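Asker: coords please:
(3 chains)
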Amino acid sequence: MKIISFLSDFGLKDNFVGLVKAIILKINPSVQIVDISHQISPHDIIEAAFILKSSFGFFPKGTIHLAVVDPTVGSRRKALIVKTNNFYFVAPDNGLLSLVLKEERVIKIVEITNSDYFLKPVSSTFHSRDIFAPIVGYLSRGEKLENFGREISNYNILNFPSPIFKKNILEGEIVYIDWFGNLVTNIDEKTFKSFIRKKSFKVQAGNFMIDKLSFSYTEGDSSCPICLIDSFGYLEISMREKNASKILRLDRGDKIKIQL
Amino acid sequence: MKIISFLSDFGLKDNFVGLVKAIILKINPSVQIVDISHQISPHDIIEAAFILKSSFGFFPKGTIHLAVVDPTVGSRRKALIVKTNNFYFVAPDNGLLSLVLKEERVIKIVEITNSDYFLKPVSSTFHSRDIFAPIVGYLSRGEKLENFGREISNYNILNFPSPIFKKNILEGEIVYIDWFGNLVTNIDEKTFKSFIRKKSFKVQAGNFMIDKLSFSYTEGDSSCPICLIDSFGYLEISMREKNASKILRLDRGDKIKIQL
Amino acid sequence: MKIISFLSDFGLKDNFVGLVKAIILKINPSVQIVDISHQISPHDIIEAAFILKSSFGFFPKGTIHLAVVDPTVGSRRKALIVKTNNFYFVAPDNGLLSLVLKEERVIKIVEITNSDYFLKPVSSTFHSRDIFAPIVGYLSRGEKLENFGREISNYNILNFPSPIFKKNILEGEIVYIDWFGNLVTNIDEKTFKSFIRKKSFKVQAGNFMIDKLSFSYTEGDSSCPICLIDSFGYLEISMREKNASKILRLDRGDKIKIQL
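Answerer: Model (predicted):
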């Protein structure tokens, strides 16, 4: 049974997610569709790219990853199928796939152009239902990649913020805030550890200073923030059983400084 | 494998949706249940009827559509199974099905009365779990329609607001606001185009005037609203990558006027 | 096809729920995973225990119930598999299972210790993905219980508030508020009816007095609260098509008094 993952900013109030699934199942009833999230902040390609990168590798080999945050739907932006050494990715060509494709070996990129597979009439506002869903349905049934369009060699890259080194300061930023209010930075474990090299350090998060790396969320006393390497693999600021984002008043894009 | 669609106002916080699925799967483990939405505004039969109408046709022929917004659960309101030329519908008889059934050819309507199929004891507050779910389960296994109750010929109709023509003005209203804040009106493409007949026009949405029909969400400059025919097939007011409902302060029931 | 139920406080914004499902399906693609809820209030073990107790029995015999509200993840708290006469339960040992296990006959309790089954490297913050999900996957494939760890005989109990009898007053409290704003108390039908014994009574909810037990939500006139036995089997305070919690300004932990 084929697995399809599905990531979007569609929310769960409307029928958008359900209709995409309906179309896929109409074409191939024997798939399992797994929602990654549909609550990506509206139009937020960077957030979607980050979550997709943090998710795709946990799925079985051969999974088709459908990812749609598509603010330019209906414009001339391309629609892509990318085959890598492990997976298929179906997404608009707006940078959404660029973090993922750094970690995978790209085998073929196809621009979706063959309208024989589309749901007619194709709306100008909901390509997930009218183009992406049927493409995923036929792809899951084993249709050949080349049938869907023409091979291309490029795709759009987005600028994901990198940590900055300034003398003895490493400056990162908050790139994601999870449901519990934990603050995920763009400083990955390797970058952090090679900067610290077991020296003493201070992490500045808003008005708070943190001077050690905790191992789990249960450390700290819920009045002071802690930092740890989280399950995304990044340095994260957290408060025990509290919403760190609300209490520290820190949001996406805010800087986190580490000083030796 | 049988597909069951499921629409409700149950939200996703409680266990209501999960229990309905548990009961269905207990009776027939080989179904695929696809959520249309469970975030219909509480008790809002009109919103549910609109979303169901905009969804049912995209599912495979033979799909059983379970739709429950049921403010009069436990009263003497009837519970229905409707067989049409393409689908089955299971719902309370409160008007929820009335928009859908305008578009389908009704073959048989059965009032659910045979308590042999019910989960005992039947609660007075959660018929989805105790009545609708087992009915859907047995129906998906091929149980004959007539076994569930007695055939009837009528069902309740709800008043869905229609656009009003006043001389050279077409007055519609906002009937749905999607997750992105787009304002869906009750003016469908055909009504709009036959009113406009390629003449120049002005759409009044709150304090804004829009004088052209856009093709996609990417038109406009995010400070002015645009209008377009959306994927529901209706005239929609939108703002580029913004929440039009919040910015224009327009809500369900607010009027939208089109002047030639 | 094996059914797995899944309850957590993970919310639906992040990829947490999706990744747990990905890991389970990677190990056993032929399972059906049914979400009970992922919107348990963050870290709220009591709420999770109440919802699990109100849900598990509706699933088919043999269902594996995965329940994770896990504020002490990464500490020395144990992880459990409990086999009962009807089901399997997989959860952290923090009291989450204690209400359920009062109603089931426990056959075997295993502390999960065999890291051969874990996803490596095991994070300190997301054991659902790295430990619980693979355990559930292998368990659903028929792996023997004893392979996962060592048999133990105890598990943690949590204090779920009980109603208190004071002369002719029965004092309960609100233990759950559902999506519609209905107030679920800890007074079950049996306790209520054996206290009342068909005498006249008054239920005090905030500033309101209710003097009869209604049968369904449709009674009352939407300006006065009613009480009824709900589908959880408890006394519930409700307002017709309104959010009783908001209007009465009552929240979890608030007392409800019944006077003869």
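
Asker: Wasn't A:Y138 part of a helix?
Answerer: Yes - if the criterion is DSSP: H, G, I helix; E, B strand; the rest coil, then A:Y138 is within a helix.

Asker: correct me, but it touches A:Y117?
Answerer: Yes - at 5.7 Å, A:Y138 counts as touching A:Y117 under the criterion of C-beta atoms under 8 Å. All C-beta spots, glycine's among them, are computed from the backbone N, C-alpha and C.

Asker: Spatially nearest residue to A:A48 (excluding sequence neighbours)?
Answerer: Leaving out its chain neighbours, the residue that sits closest to A:A48 by C-beta to C-beta, 6 or more residues apart in numbering or on different chains is A:V69, at 4.2 Å.

Asker: got it, and A:Q204?
Answerer: Closest to A:Q204 by C-beta to C-beta, 6+ apart is A:K257, at 4.5 Å.

Asker: Just the element for the one you found, please.
Answerer: Secondary structure assignment for A:K257, by DSSP states H and E: strand A:255-259.

Asker: Pull out the buried positions in that strand.
Answerer: A:I256, A:K257, A:I258 (16 or more other C-beta atoms under 10 Å in any protein chain shown).

Asker: Over to stretch A:192-211?
Answerer: For stretch A:192-211, the neighbour count (16+ other C-beta under 10 Å) marks A:F192, A:F195, A:F201, A:V203, A:A205, A:G206, A:F208, A:I210 as buried.

Asker: And the furthest pair within the residues you listed?
Answerer: A:F195 and A:G206 (20.5 Å; C-beta to C-beta).

Asker: Excluding sequence neighbours, find me the nearest residue to the closest residue to chain C within chain A.
Answerer: Relative to chain C, the nearest point of chain A is A:S216 (2.5 Å; C-beta to the nearest C-beta). Closest residue to A:S216 apart from its sequence neighbours, by C-beta to C-beta, 6+ apart: C:G74 at 2.5 Å.

Asker: give me every residue that touches that neighbour.
Answerer: C:G74 makes contacts with A:F215, A:S216, A:Y217, A:T218, C:S124, C:T125, C:H127, as judged by C-beta atoms under 8 Å, 6 or more residues apart in numbering or on different chains.

Asker: what's the answer for A:D44, then?
Answerer: A:D9, A:V69.

Asker: ditto for the one 5 residues further on
Answerer: For A:A49, the set of contacting residues under the criterion of C-beta under 8 Å, 6+ apart consists of A:G95, A:L96, A:L97, A:S98, A:L99, A:V100, A:L158, A:F160.

Asker: 10 Å instead, please
Answerer: Counting by C-beta atoms under 10 Å, 6 or more residues apart in numbering or on different chains, A:A49 touches A:7, A:40, A:67, A:69, A:91, A:94-100, A:158, A:160.

Asker: Quick check: end-to-end length of stretch A:73-83?
Answerer: Stretch A:73-83 has an end-to-end distance of 22 Å (criterion: C-alpha to C-alpha, to the nearest Å).

Asker: do the same with stretch A:229-243
Answerer: 17 Å.

Asker: do the lengthiest helix in chain A and chain B meet?
Answerer: As assigned by DSSP state H, the longest helix anywhere in chain A is helix A:16-27. Yes - using C-beta under 10 Å from any C-beta of the partner chain, helix A:16-27 comes into contact with chain B via A:F16, A:V17, A:G18, A:L19, A:V20, A:K21, A:A22, A:I23, A:I24, A:L25, A:K26, A:I27.

Asker: what's the burial count for A:S124?
Answerer: 20 (other C-beta atoms under 10 Å in any protein chain shown).

Asker: For chain B, give me its nearest residue in the stretch 151-260 of chain A.
Answerer: Nearest residue of the stretch 151-260 of chain A to chain B: A:W179, at 12.8 Å (C-beta to the nearest C-beta).

Asker: so where does the residue lying closest to that residue once chain neighbours are set aside fall, helix or strand?
Answerer: Leaving aside its sequence neighbours, A:W179 sits nearest to C:G11 (C-beta to C-beta, 6+ apart; 3.3 Å). Secondary structure from DSSP H and E places C:G11 outside every helix and strand.

Asker: A:D251: what's it in contact with?
Answerer: By C-beta under 10 Å, 6+ apart, the contact set of A:D251 is A:I174, A:I177, A:L183, A:S245.

Asker: how about the first one, what does it touch?
Answerer: Each residue near A:I174 by C-beta under 10 Å, 6+ apart is listed here: A:161, A:182-186, A:205, A:236-237, A:245, A:250-256.

Asker: Just the buried residues of the helix or strand it falls within, please?
Answerer: Assigned by DSSP H and E, A:I174 falls within strand A:169-177. Buried residues in strand A:169-177, counted by 16+ other C-beta under 10 Å: A:L170, A:E171, A:G172, A:E173, A:I174, A:V175, A:Y176, A:I177.

Asker: where does the residue in chain A that chain B sits nearest to land on pLDDT?
Answerer: Here the residue of chain A nearest chain B is A:G74; by C-beta to the nearest C-beta that distance is 2.5 Å. On the pLDDT scale, A:G74 is placed at 87.

Asker: Quick check: which element contains it?
Answerer: Short version: A:G74 belongs to no helix or strand, going by DSSP H and E.

Asker: Please name the residues that touch the closest residue to A:V106 other than its chain neighbours.
Answerer: Among residues not flanking A:V106 along the chain, A:T84 sits closest, at 5.6 Å (C-beta to C-beta, 6+ apart). Residues near A:T84 by C-beta under 10 Å, 6+ apart: A:F56, A:H65, A:L97, A:V100, A:L101, A:E103, A:E104, A:R105, A:V106, A:I107, A:K108, A:I109.

Asker: could you redo those as TSV and give each row neighbour count?
Answerer: Converted to TSV, those look like this (neighbours: other C-beta atoms under 10 Å in any protein chain shown):
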residue	neighbour count
A:F56	25
A:H65	25
A:L97	31
A:V100	23
A:L101	16
A:E103	11
A:E104	17
A:R105	9
A:V106	16
A:I107	12
A:K108	14
A:I109	23
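
Asker: tell me which of the contacts of C:G74 is nearest to A:F132?
Answerer: In terms of C-beta to C-beta, no member of these lies closer to A:F132 than C:T125, at 32.9 Å.

Asker: Done for today, thanks.
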